[in-house]
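> just coords:
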């Protein structure tokens, strides 16, 4: 039995490192998607929207059809600490089947979901969350000319999908905590999305730091 442990023991560490590298790359890509959406004139997220946010979800979905009938995808979520105003480390999420009702077509859609209600964000961190059922969402205001006096819904969504515009209702998307990915990335057995977002669990990496710095830059612009 001892020789089995000697042979296979190191491979487990290699597998753990490979998992972490793969998830690291996912965060890097999602950071790039956030920048692309937040900085593009057609989808630019106003800085006041980000400053008022209590949560941010960045996700990508695959195999979209004419009405964006989503088969699945992944992303990350962050929550703002109500005491310090700082963002948490990112937690991984999964997206499930659903339709965001956008006339887009294609094979991949990236989106940024901005959550203004902290109770909605806490609900999202604990269990399966369905947009339009657990909380309403609309396309968010864009650009520098957005009126800061206008009230905002619990959730606004910005996307690279054609046809998403301010005020359009969005329904059907399903988000669930990616706790297995969290455990692999942060190397903490049993860690949950809620603990990462609201209890300060986990240690940051250069990749998570880049994501936090990117969000902070767009908050200040």
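Received the coordinates, thanks. No experiment lies behind these values; they were computed from the predicted model shown.

> what ranges does the chain have for its strands?
For the chain, applying DSSP state E gives strands covering 55-62, 69-70, 72-79, 91-96, 98-99, 108-115, 129-130, 137-139, 155-159, 169-170, 174-177.

> what mean pLDDT does the fifth one get?
Summarised as a single mean, pLDDT over strand 98-99 is 50.

> if we can go back for a sec, which of the strands of the chain sits closest to residue 197?
Closest approach to residue 197 among those (Cβ to Cβ): strand 72-79, 3.9 Å. Yep, even glycine has a C-beta here, placed from its N, CA and C like the rest.

> export the strands of the chain as CSV, with columns for mean neighbour count.
Shown next, in CSV, are these (neighbours: other Cβ atoms under 10 Å):
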stretch, mean neighbour count
strand 55-62, 22
strand 69-70, 18
strand 72-79, 22
strand 91-96, 23
strand 98-99, 18
strand 108-115, 23
strand 129-130, 18
strand 137-139, 20
strand 155-159, 24
strand 169-170, 18
strand 174-177, 20
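
> could you dump those to a markdown table with distance to residue 200?
Output for the strands of the chain, formatted as a markdown table (distance: least, Cβ to Cβ, whole Å):
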| stretch | distance to residue 200 |
| --- | --- |
| strand 55-62 | 16 |
| strand 69-70 | 32 |
| strand 72-79 | 11 |
| strand 91-96 | 12 |
| strand 98-99 | 31 |
| strand 108-115 | 19 |
| strand 129-130 | 22 |
| strand 137-139 | 28 |
| strand 155-159 | 24 |
| strand 169-170 | 31 |
| strand 174-177 | 17 |
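
> of the ones you listed, which is nearest residue 31?
That would be, of these and by Cβ to Cβ, strand 55-62, which comes in at 7.8 Å.

> what's the closest non-adjacent residue to residue 125?
Distances taken as Cβ to Cβ, 6 or more residues apart in numbering place residue 194 nearest to residue 125, at 4.5 Å, with adjacent residues excluded.

> and residue 47, by the same measure?
Of all residues not flanking residue 47 in the chain, residue 221 sits nearest, at 5.1 Å (Cβ to Cβ, 6+ apart).

> look at that neighbour and say how many residues are nearby.
Residue 221 is flanked by 13 other residues according to other Cβ atoms under 10 Å.

> residue 220 too?
Number of residues near residue 220 (other Cβ under 10 Å) recorded here: 8.

> I'd guessed it sits against residue 47; true?
Yes - the criterion here is Cβ atoms under 8 Å, and residue 220 meets it with residue 47 at 6.6 Å.

> test my guess that residue 76 contacts residue 33.
No - with contact defined as Cβ under 8 Å, residue 76 does not reach residue 33; the gap is 10.3 Å.
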